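Asks: sequence first, predicted model second:
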Amino acid sequence: APLCLSRRFREGMRRNRAPQKDSDEPADVDDDPLNASIIAIVENAKFEVGVAVICLADYAVEISQFCDDPAYSKTVSMIARHEPRQLFFTAAMKDSVLEC
């Protein structure tokens, strides 16, 4: 079963989300199905992160692997940029900062 994001990680995502043009509120992905995506994340103890993003509009897949910092700023930025409808994590990430 997929794990959910920790409260600290979700709060970081909200701070990094860009507001809509005419509003102070964050953009809502449900309003535009062309922006819909699903993200799968895996990481190890050395802060190496692997991310797979599937864009539901055209089924394009973006796969990334990078070294992140202890605050996961690159990971948070990538998630905020794609505003996914769903995030998947491996069970091995149960002790990660990213999990609940």
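Replies: Here it is on my side, so go on.
Asks: next one: phi and psi at Ser73?
Replies: The phi and psi values for Ser73, taken as degrees, to the nearest 10, are phi -60, psi -40.
Asks: and the gap between it and Val97?
Replies: As defined by CB to CB, to the nearest Å, Ser73 lies at a distance of 12 Å from Val97. Any C-beta I mention is one placed from the backbone N, CA and C, and that applies to glycine too.
Asks: neighbour count for the two, which is higher?
Replies: Higher neighbour count among Ser73 and Val97: Val97, with 16 against 12, using other CB atoms under 10 Å.
Asks: helix, strand or coil for that one?
Replies: Three-state assignment for Val97 (DSSP: H, G, I helix; E, B strand; the rest coil): coil.
Asks: that one and Tyr72 touch, don't they?
Replies: Yes. Val97 lies in contact with Tyr72 (CB atoms under 8 Å); the separation is 6.5 Å.
Asks: following element in sequence after the lowest-mean-pLDDT helix or strand in the chain, please.
Replies: Every helix and strand in the chain was compared by mean pLDDT, DSSP states H and E; the lowest is helix 7-16, with a mean of 52. On the C-terminal side of helix 7-16, the closest following helix or strand by DSSP states H and E is strand 37-43.
Asks: other residues contacting that following strand?
Replies: When contacts are defined by CB atoms under 8 Å, 6 or more residues apart in numbering, strand 37-43 is touched by residues 49-56, 68, 75, 78-79, 82-90, 92-93, 96, 98.
Asks: buried residues of it, list them for me.
Replies: Neighbour counts over strand 37-43 (16 or more other CB atoms under 10 Å) mark Ser37, Ile39, Ala40, Ile41, Val42, Glu43 as buried.
Asks: closest to Ala60 out of those residues?
Replies: Ser37 (9.2 Å; CB to CB).
Asks: report the beta-bridge partners for that closest one.
Replies: Cys55 (DSSP bridges).
Asks: now Ser64
Replies: Applying DSSP bridges to Ser64, the residues it is bridged with are Val51.
Asks: that one reaches Ser77, doesn't it?
Replies: No. Look at Ser64 against Ser77 with CB under 8 Å: they stay out of range, at 11.3 Å.
Asks: would you convert the buried residues of strand 37-43 into JSON lines that also reports distance to Ala60?
Replies: Below are the buried residues of strand 37-43 laid out as JSON lines (distance: CB to CB, whole Å):
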{"residue": "Ser37", "distance to Ala60": "9"}
{"residue": "Ile39", "distance to Ala60": "13"}
{"residue": "Ala40", "distance to Ala60": "15"}
{"residue": "Ile41", "distance to Ala60": "18"}
{"residue": "Val42", "distance to Ala60": "20"}
{"residue": "Glu43", "distance to Ala60": "23"}
